[in-house]
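K.L.:
next one to model:
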Amino acid sequence: MSHGKHFTLFTASIWPNGWKVIFVLRELGLDFEPIYLDLMKNEQKSPEHVTHNPNGRIPTLIDHKNDDFVVWESCAIMTYLVEKYDTSHTISVSDAGEKILQLQWLFFQASGQGPYFGQAGWFSMFHPEKLPSAIERYQKETLRVFGVLEGVLSQQAWLVGGKCTIADFAFIPWNIYALENYISHYNGFDFARDFPAVHRQASSDMVA
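P.N.:
The predicted structure is shown next:
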């Protein structure tokens with residue numbers, strides 16, 4: 001593995017969790033070498049990767065300028081990056097209370113949006129047999145999560161701190177991925193009409 005860059009990032013080209021980290025690295029101007037794993041070939045389970053990430057999932061980050069410190073789980077990686085490298089709080093918050101709110105949203109993304117959206121995508125696109133009850137359950141959950149975000153973002157531009165932070169970066173790639181791949185096929189769904197504030201967030205220049 002080359003150590004010419006500040007970081008090595010094990011990721012995958014189309015999956016949202018890796019893009020969450022890439023957004024942060026780019027916004028902070030941190031150089032990194034991406035290693036794209038083919039998840040359909042189970043390359044994330046390879047010995048080289050599992051050595052760094054025992055869970056065998058992406059993304060995994062190695063910080064070569066911090067004694068090859070390894071972090072996995074996308075929200076943990078984003079938190080690490082801003083705690084160590086966003087000293088001016090460009091995409092993070094500094095107030096103690098707001099830091100808890102930022103963490104709150106990261107927990108909700110990791111425990112709510114990610115699993116529900118992931119299962120919605122799996123049962124809609126990849127499961128070998130169609131299970132209408134599973135498809136319906138996870139479609140409803142994706143819309144529920146959109147509703148949670150809409151309720152907040154209709155009152156304020158960003159989730160915390162009055163600016164785009166890692167809390168927003170955590171949600172946006174999953175919103176875009178779901179919209180481009182399966183949510184647009186939901187009966188009667190119109191993202192811009194039904195969830196205008198979430199649509200605005202996902203269309204922000206910050207993530208273009």
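
K.L.:
for this structure, what are the low-confidence residue spans?
P.N.:
1-2, 184-185, 205-208 (pLDDT under 70).

K.L.:
per-domain residue ranges of it.
P.N.:
Split into domains by automatic domain parsing, the chain comes to 7-85, 96-207.

K.L.:
reformat these as JSON lines; add mean neighbour count.
P.N.:
All C-beta spots, glycine's among them, are computed from the backbone N, C-alpha and C. JSON lines is the format used below for the domains of the chain (neighbours: other CB atoms under 10 Å):
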{"stretch": "domain 7-85", "mean neighbour count": "18"}
{"stretch": "domain 96-207", "mean neighbour count": "17"}
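
K.L.:
could you pull out the helices for this structure?
P.N.:
With DSSP state H as the criterion, the chain has helices at 16-27, 47-52, 74-85, 96-108, 114-121, 132-153, 166-181, 191-194, 196-202.

K.L.:
to Leu37, which of those lies closest?
P.N.:
Closest approach to Leu37 among these (CB to CB): helix 47-52, 6.7 Å.

K.L.:
got the CA positions of that closest one in PDB?
P.N.:
Taking C-alpha atoms only, helix 47-52 is exported to PDB below (Å, rounded to 0.1, in the frame of the first residue of the first chain):
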ATOM      1  CA  PRO A  47      -7.500 -10.500   4.200                       C
ATOM      2  CA  GLU A  48      -5.800  -7.100   3.400                       C
ATOM      3  CA  HIS A  49      -9.000  -5.200   4.200                       C
ATOM      4  CA  VAL A  50     -10.200  -7.300   7.200                       C
ATOM      5  CA  THR A  51      -6.700  -6.700   8.800                       C
ATOM      6  CA  HIS A  52      -7.800  -3.100   9.100                       C
END
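
K.L.:
which strands and helices sit next to it?
P.N.:
strand 60-63 (3 or more CB pairs under 8 Å, 6 or more residues apart in numbering; DSSP states H and E).

K.L.:
neighbouring contacts of the strand it packs on?
P.N.:
Defining contact as CB atoms under 8 Å, 6 or more residues apart in numbering, one finds that strand 60-63 is touched by 1, 6-10, 21, 49, 52-53, 68-72, 77, 80-81, 84.
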